[in-house]
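Participant: what follows is a predicted structure for the sequence shown.
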Amino acid sequence: MENGSGGGPVTPTRERNVLVLDLSKSMLAPLPDPGTEKGEHQKVEVARTAVFRILQDAANSGSLFGLVTFTETVRAPVPLGEIHKENLPYVENLISLLQPSGRSAIWDALAVGADLLRMGTRGVQGNLVLVTDGWDNASQRFDVRAPAQAAVPPGRVDLVPYLLPAGSNLTLRVIGIGSGDERDKGVDAGRVRQVLDQMTARAAELGLPAAFSYQEVTTGTQLFAQMVNAFIDVGYEDDRPIEELHPEELARHAANAARALKEPQQHATVSRLHSASQSAASAYTEAPDLEVDVIAGAGGATTPVYLKERYGPLGEVVEAYLGGQPDRALELLQRAAPVLPPVTRLYWEARIQFARRAIVEAARALLQAWGEVEKLPSGSQTRILRRLALLQARMQNDKETETLVRFIDETEHRLASSDPQVRLRLLDLFAKLMELRGTYQLTQLANEGDLQDAAVAHEAAVEQVFGQLQDARLDLAAAGPVAEGALDFLEICLAEMR
């Protein structure tokens, strides 16, 4: 287990996940589950099943996991640490004994969850997920400011700065069960959104990533899917990690990627990414009903264990797809459609139809997916757009665009657990590389008399980015092979853009 008590900054080397689970009496109530034999399940029964699947995945992946439960009392039955396979039966038995009762100390429980993720001067580092069906009515120590209040009531601690001290890198996701329009009818959606708005504002003040979201569920299947992930992204069979590429291969890939920036007529997909790339220095924020989880192993796509159990209906779809059964995958996807977010469903429909060589149907689904992404908050679009662009490049056999998008996406993903400043520094350089596309095009479009001025302006822009890249080389010298490979890739792209 990683410990951040005292001392200087500590960078997490593994995923750190804490689940904060409501065990108030209302969790004994039934939750509709249309399409199942029983037709409904207790909320706590669905939540327990999801926790079992999460534990199994943590035991296989080596990520750190902790569980906080709350009634009017807050407990941590599973402290943050590594879940060993030999201990799974004990932990699962412990969870099966947890019974709902009493009221809801939501704010106090979130504070305890943050304490498990606290790493000294690094603040709160990791992923915090709250699952609740109620309103806070039992917290003793913490509270949240109402919109018109300057401070929390006397004797209480303001929850927001406690969750997000300086230096933090926290992802907070709230899964609310039921409709919160009336007290005791479901989650207090309005209050939860106030908390997330205050978290976003504080993150902006401190210059921290702002990855905070809320999702409401109304069926057992939705609750299970949202607890264990709703969007599964699988790498392609011939993908190779950056650090495994031979220098000659890296140079060839970078030269191809530069052509995608220099030839807009042949690489129209890049234009879809240009506006998104301008905000690449901001941390990727997931849409309220969407998570991206890359489950491909090094060297290509694999079939992860517990796929169906962990991901529910979509897990079955992906298992069939990875098993070379696209017709079966499409059938399962159609069954799962009612519980999947639109982008998730359409992305997988396009990918499966492409595997079936149904090109028209694949293109139609992908076009609809592009439209659905535009409905999401702008801060949620960047990485999702890249995933769609990568699929479109595959479908169009556009190797140049595919290479460009894959390197940007892989850099963000493979550095997700490293120092966030390293990841953001590299993504900012990728964004600046994308911006050079505009000045390069001016050199091609300028009238004869303006051509020299446009060329000079473009060369000056390239030199500016090149200088920033060299500064990054010095600052990130010890950041590891992924960062080094990304910098090499960027440098070759810059040379091609001259």
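Facilitator: That came in fine, so what should we check first? Residues are numbered from 1 along each chain as shown.
Participant: mind jotting down where the helices sit in the stretch 51-200 of the chain?
Facilitator: Secondary structure of the stretch 51-200 of the chain (DSSP state H, counting those that start in this stretch): helices at 88-96, 106-117, 159-163, 189-206.
Participant: distance to residue 259 for the ones you listed - can I get that in a markdown table?
Facilitator: (Glycine included, C-beta is placed from N, CA and C.) Formatted as a markdown table, the helices of the stretch 51-200 of the chain follow (distance: least, C-beta to C-beta, whole Å):
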| stretch | distance to residue 259 |
| --- | --- |
| helix 88-96 | 50 |
| helix 106-117 | 43 |
| helix 159-163 | 46 |
| helix 189-206 | 37 |
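Participant: buried deepest among the ones you listed, which one?
Facilitator: Most buried of those, by mean neighbour count (mean count of other C-beta atoms under 10 Å): helix 106-117, with a mean of 25.
Participant: and the angle for it with helix 189-206?
Facilitator: If you take axes from the mean of the first three to the mean of the last three C-alpha atoms, to 10 degrees, helix 106-117 sits at 40 degrees to helix 189-206.
Participant: what residues does helix 106-117 touch?
Facilitator: Outside helix 106-117, the residues that touch it by C-beta atoms under 8 Å, 6 or more residues apart in numbering are 16, 18, 20, 22, 66, 68-70, 74, 76, 79-80, 124-126, 128, 130, 132, 134-136, 138-144, 157, 159, 162-163, 170.
Participant: show me just the buried residues among those.
Facilitator: When the contacts of helix 106-117 are checked for burial by 16 or more other C-beta atoms under 10 Å, the buried set is 16, 18, 20, 22, 66, 68-70, 74, 76, 80, 124-126, 128, 130, 132, 134-136, 138-139, 142-144, 159, 162-163, 170.
Participant: can you redo the helices of the stretch 51-200 of the chain as JSON lines with mean pLDDT and distance to residue 386?
Facilitator: Formatted as JSON lines, the helices of the stretch 51-200 of the chain follow (pLDDT from 0 to 100; distance: least, C-beta to C-beta, whole Å):
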{"stretch": "helix 88-96", "mean pLDDT": "79", "distance to residue 386": "36"}
{"stretch": "helix 106-117", "mean pLDDT": "94", "distance to residue 386": "28"}
{"stretch": "helix 159-163", "mean pLDDT": "94", "distance to residue 386": "29"}
{"stretch": "helix 189-206", "mean pLDDT": "89", "distance to residue 386": "23"}
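Participant: among the contacts of helix 106-117, which are located in strands?
Facilitator: In strands, defined here by DSSP state E, the members of the contacts of helix 106-117 are 16, 18, 20, 22, 66, 68-70, 74, 76, 79-80, 125-126, 128, 130, 132, 142-143, 157, 170.
Participant: return the distance of stretch 486-498 from the chain's centre.
Facilitator: 27 Å (C-alpha atoms, centre = their mean, to the nearest Å).
Participant: neighbouring contacts of that stretch?
Facilitator: Outside stretch 486-498, the residues that touch it by C-beta under 8 Å, 6+ apart are 242, 247, 250-251, 253-255, 257-259, 261-262, 407, 411, 426, 429-430, 433, 436, 440, 459, 462, 465-466, 469, 472-473, 476.
Participant: swap the cut-off to 6 Å and go again
Facilitator: Contacts with stretch 486-498, where a contact means C-beta atoms under 6 Å, 6 or more residues apart in numbering, come from 250-251, 254-255, 257-258, 407, 411, 426, 429, 433, 436, 440, 462, 466, 469, 473.
Participant: could you give me the buried positions within that stretch?
Facilitator: Judged by neighbour count (16+ other C-beta under 10 Å), stretch 486-498 contains these buried residues: 486, 487, 488, 489, 490, 491, 492, 493, 494, 496, 497.
Participant: tell me the mean pLDDT for that stretch?
Facilitator: In this model, stretch 486-498 has a mean pLDDT of 80.
Participant: got the CA positions of that stretch in CSV?
Facilitator: The C-alpha coordinates for stretch 486-498 follow below in CSV (Å, rounded to 0.1, in the frame of the first residue of the first chain):
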residue,chain,number,x,y,z
ALA,A,486,6.5,10.8,-27.3
LEU,A,487,9.2,13.6,-27.4
ASP,A,488,11.1,11.8,-30.2
PHE,A,489,7.8,11.4,-32.1
LEU,A,490,7.1,15.1,-31.7
GLU,A,491,10.5,16.2,-32.8
ILE,A,492,10.4,14.2,-36.0
CYS,A,493,6.9,15.6,-36.7
LEU,A,494,8.2,19.1,-36.2
ALA,A,495,11.1,18.5,-38.7
GLU,A,496,8.5,17.2,-41.2
MET,A,497,6.4,20.4,-40.7
ARG,A,498,9.2,22.7,-41.8
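Participant: and the helix or strand encompassing residue 473, what does it pack against?
Facilitator: Element membership for residue 473 (DSSP states H and E) is helix 451-475. The elements that helix 451-475 packs onto, with contact taken as 3 or more C-beta pairs under 6 Å, 6 or more residues apart in numbering; DSSP states H and E, are helix 420-445, helix 481-497.
Participant: quick check: residue 411 vs residue 209, distance?
Facilitator: Distance from residue 411 to residue 209, counting by C-beta to C-beta, to the nearest Å: 16 Å.
Participant: so the two - more neighbours on which side?
Facilitator: Comparing residue 411 with residue 209 by other C-beta atoms under 10 Å, the one with more neighbours is residue 411, at 24 against 18.
Participant: pretty sure that one sits against residue 426.
Facilitator: Yes. With contacts counted by C-beta atoms under 6 Å, residue 411 reaches residue 426, the gap being 5.4 Å.
Participant: give the contact list for residue 330.
Facilitator: Per C-beta under 6 Å, 6+ apart, neighbours of residue 330: residue 352.
Participant: just checking, residue 41 is part of a strand?
Facilitator: Yes. Checked against DSSP: H, G, I helix; E, B strand; the rest coil, residue 41 lies within a strand.
Participant: tell me the contacts of the residue nearest to it when sequence neighbours are not counted?
Facilitator: Leaving aside its sequence neighbours, residue 41 sits nearest to residue 220 (C-beta to C-beta, 6 or more residues apart in numbering; 4.6 Å). Going by C-beta under 6 Å, 6+ apart, residue 220 touches 31, 33, 41, 46.
Participant: rebuild the residues you listed as JSON lines, extending it with secondary structure, pLDDT and neighbour count.
Facilitator: Listed next are these as JSON lines, based on DSSP: H, G, I helix; E, B strand; the rest coil; pLDDT from 0 to 100; neighbours: other C-beta atoms under 10 Å:
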{"residue": "31", "secondary structure": "strand", "pLDDT": "83", "neighbour count": "23"}
{"residue": "33", "secondary structure": "coil", "pLDDT": "72", "neighbour count": "19"}
{"residue": "41", "secondary structure": "strand", "pLDDT": "82", "neighbour count": "20"}
{"residue": "46", "secondary structure": "helix", "pLDDT": "85", "neighbour count": "24"}
